[in-house]
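Visitor: Predicted coordinates and the sequence they were generated for:
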Amino acid sequence: MSDNHSSVSEGQSRHHKVEGPRKHIVAFVMSLALTLIAFAAVASGEINTQFTYIILVCMAIMQVFVQLAFWMHMKDRGHAFPIIGIAFGVIVVFTMVIMASYWVWW
């Protein structure tokens, strides 16, 4: 048995890549900007109500992607199973909303 107790050989050592605070600051600023845009759309009161709803939904979707990518680290390798689970959940919820709409209206 060798003196090296890890399963990785000496020439192929694994290095953990440190992100640093820069990406976290950028993600925080993006989250704040998206929140402020949504707040400004509602607080202004001069924007059409339907367009305000569209802005809010778009900002919410973008906020979800920022949160998942930067804060939950879904952009990194090894997160395929959680991403598949989230995608499946979105498909199920979307299907349920459509089916409930048809059920109520017809």
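Guide: Received, thanks. Numbering: from 1, shown residues only.

Visitor: can you give me the helices in this structure?
Guide: Secondary structure of the chain, counting by DSSP state H: helices at 21-44, 49-66, 80-105.

Visitor: isn't residue 27 right up against residue 73?
Guide: No: using C-beta atoms under 8 Å, residue 27 is not in contact with residue 73; the gap is 10.7 Å. To be clear about C-beta, it is placed using only N, CA and C from the backbone, and glycine gets the same treatment.

Visitor: Neighbour count for those two, which is higher?
Guide: Of the pair residue 27 and residue 73, residue 27 is the one with more neighbours under other C-beta atoms under 10 Å, namely 15 against 12.

Visitor: Leaving out sequence neighbours, find the closest residue to that one.
Guide: What sits nearest to residue 27 in space, not counting adjacent residues and going by C-beta to C-beta, 6 or more residues apart in numbering, is residue 70, at 3.5 Å.

Visitor: Count the neighbours of the one you found for me.
Guide: For residue 70, the neighbour count with other C-beta under 10 Å is 18.

Visitor: do residue 92 as well
Guide: Neighbours of residue 92 (other C-beta under 10 Å): 10.

Visitor: Break the protein into its domains for me.
Guide: Domain ranges of the chain: 20-75, 77-106, per automatic domain parsing.

Visitor: What does residue 79 show for phi and psi?
Guide: Dihedral pair for residue 79: phi -110, psi 30, per degrees, to the nearest 10.

Visitor: quick revisit: show me the contacts for the residue nearest to residue 27.
Guide: Residue 70 sits next to 23, 24, 26, 27, 30 when contact means C-beta atoms under 8 Å, 6 or more residues apart in numbering.

Visitor: if we go to 10 Å?
Guide: The contact partners of residue 70, by C-beta atoms under 10 Å, 6 or more residues apart in numbering, come to 19, 23, 24, 26, 27, 28, 30, 31.

Visitor: Please report the distance of the fourth one from residue 41.
Guide: In this case it means residue 26. 23 Å (C-beta to C-beta, to the nearest Å).

Visitor: Could you export the contacts of residue 70 as CSV, including distance to residue 77?
Guide: Listed next are the contacts of residue 70 as CSV, based on distance: C-beta to C-beta, whole Å:
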residue, distance to residue 77
19, 13
23, 16
24, 19
26, 20
27, 18
28, 23
30, 22
31, 23
